[in-house]
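Trainee: Mind folding the following:
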Amino acid sequence: MSTPWINFLQQHGASIDATQPARICFKSPREEAVLAASSTVVVPLTHLGLIHASGDEASSFLQNLGSNDIKKLAPDRAQHNSLNSPKGRMLASFIVWRSDGDYLLALSADLHANILKKLSMYVLRAKVKLRDGGDERLLLGLAGTHALMALEAAGLSAPAETLGVIQGQTRVIHLDGERYILDCAADTAPQVWTALVDAGAQAAGTAAWRWLDIQAGLPLVTAQTQDEFVAQMLNFELLGGVNFQKGCYPGQEIVARTQYLGKLKKRMFRAHVADAGAAQVGTDLYAPEFGAQSCGKVVAAVESPEGGADLLAVMQISAHEAGEVHLNGVDGPRLVLSTLPYAVD
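Mentor: As a prediction, the model looks like this:
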């Protein structure tokens, strides 16, 4: 992360988690979730890292490695995409958009260095250059009912369509609902931040944005969930992150077989648990019909505005349908299962 940017945020009330330096907070996790649920918030997306891909063959290079069709990505569009293992397990999920003639990939910051290294190993003689995009660009998140007004006050326009992009010195990506990602030049990010705050947006940290991800049913593969799930288990194809007509990529055969030949047994669902401390990423889930055998895992968990924790969890579909799922054992805290904002077959 850019040191001047971190210094700026700290001067404006931000704190850095010493154990997780990519996490920013302005209040407690629960207070930030309250803000996200009730206000318009602006969030430094420091939990995301950027990879910049450039060169004459950048498009074909990414096409050969990702689960989505990068060649169809127009300058006014963003897309969900993923890098997978040969066994079809997701190694990273990312959002990608055009940067002039190049590409920017936003993925979990705790995977950034290793994924950049892994992708670089595939370059060989290809005419493509990969580098850390965070040296030049910084990401802000803006969300809430007055997000459009805040953008207008900051001199920015918003794309109407989900995953639409408006290009410019500051790019605006419509993530979902009333959420936007702002891709800013590093030297202008403080001015953009200040303009949004002056327009009424409340400063909030990582917990606020991750809580909104949970409400949207949007997974983020992190170091704790890397190489755990096939794309469909994380509902990634429902979010448009998989193109089944494109050519081969690592893991493509497994992902396609899961889609067309197998019966999917696990899906990602949204839930709530009263004991916030019990809900940790990677925590195993249990259901009576599976006994001592785990029936799933927590993939995201954030303190809820109402207390307890809201979470996304991959679990056996049959366990979800039965309606009784627990954390850490069949006698552990019981989940209150809820719906997602999109249909799950």
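Trainee: how about the strands in the stretch 201-345 of the chain?
Mentor: Along the stretch 201-345 of the chain, counting by DSSP state E, counting those that start in this stretch, strands occupy 202-203, 266-273, 284-286, 296-303, 309-316, 326-327, 336-338.
Trainee: Name the residue closest to the centre of this protein, please.
Mentor: Leu220 (3.8 Å; CA atoms, centre = their mean).
Trainee: Confirm for me that that one is in contact with Asp110.
Mentor: No - taking contacts as CB atoms under 8 Å, Leu220 lies outside contact range of Asp110: 10.2 Å. From N, CA and C alone the C-beta is placed, and that goes for glycine too.
Trainee: one step back: which one of the strands of the stretch 201-345 of the chain lies nearest to Ile115?
Mentor: Closest approach to Ile115 among these is made by strand 296-303 (17.9 Å; CB to CB).
Trainee: Show residues contacting the closest one.
Mentor: Identification of contacts with strand 296-303 by CB atoms under 8 Å, 6 or more residues apart in numbering yields 28-30, 33, 207, 210-211, 213-214, 219-220, 225, 228-229, 234, 266, 268, 276, 279-285, 309-316, 319, 325, 327.
Trainee: and Arg257, what does it touch?
Mentor: So Arg257 contacts nothing (CB under 8 Å, 6+ apart).
Trainee: secondary structure element for Tyr103?
Mentor: Using DSSP states H and E, Tyr103 falls within strand 102-108.
Trainee: likewise Ile173?
Mentor: Using DSSP H and E, Ile173 sits in strand 171-176.
Trainee: now Leu9
Mentor: Going by DSSP H and E, Leu9 is part of helix 3-11.
Trainee: Now do the buried residues in that helix.
Mentor: 5-6, 8-9 (16 or more other CB atoms under 10 Å).
Trainee: how about those in a markdown table, adding pLDDT and distance to Asp198?
Mentor: Below are these laid out as a markdown table (pLDDT from 0 to 100; distance: CB to CB, whole Å):
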| residue | pLDDT | distance to Asp198 |
| --- | --- | --- |
| Trp5 | 94 | 18 |
| Ile6 | 93 | 21 |
| Phe8 | 95 | 15 |
| Leu9 | 95 | 16 |
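Trainee: what's the closest of those to Lys129?
Mentor: For these, the closest approach to Lys129 (CB to CB) belongs to Trp5, at 23.7 Å.
Trainee: contacting residues for that closest one?
Mentor: Each residue near Trp5 by CB under 8 Å, 6+ apart is listed here: 44, 138, 186, 189-190.
Trainee: Among the residues you listed, name the buried ones.
Mentor: For these, a neighbour count by 16+ other CB under 10 Å gives the buried set as 44, 138, 189-190.
Trainee: Could you report the neighbour count for the nearest residue to His272 once chain neighbours are set aside?
Mentor: In space, and not counting its chain neighbours, His272 is closest to Val336: 4.5 Å by CB to CB, 6 or more residues apart in numbering. Using other CB atoms under 10 Å, Val336 has 13 other residues around it.
Trainee: before we move on, the earlier item: make a markdown table from the strands of the stretch 201-345 of the chain and add distance to Ala78 and mean pLDDT to it.
Mentor: Formatted as a markdown table, the strands of the stretch 201-345 of the chain follow (distance: least, CB to CB, whole Å; pLDDT from 0 to 100):
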| stretch | distance to Ala78 | mean pLDDT |
| --- | --- | --- |
| strand 202-203 | 25 | 98 |
| strand 266-273 | 21 | 98 |
| strand 284-286 | 32 | 98 |
| strand 296-303 | 21 | 97 |
| strand 309-316 | 21 | 98 |
| strand 326-327 | 34 | 98 |
| strand 336-338 | 27 | 96 |
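Trainee: could these go into TSV alongside distance to Met90?
Mentor: Converted to TSV, the strands of the stretch 201-345 of the chain look like this (distance: least, CB to CB, whole Å):
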stretch	distance to Met90
strand 202-203	32
strand 266-273	12
strand 284-286	19
strand 296-303	10
strand 309-316	11
strand 326-327	23
strand 336-338	23
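Trainee: coming back round to it: give me the distance between the residue nearest to the centre of the chain and Gly332.
Mentor: Distance, Leu220 to Gly332, using CB to CB, to the nearest Å: 25 Å.
Trainee: what does Gly55 give?
Mentor: Look at Gly55 and Gly332: by CB to CB, they are 50 Å apart.
Trainee: swap in Gln280?
Mentor: Using CB to CB, Gln280 is found at 12 Å from Gly332.
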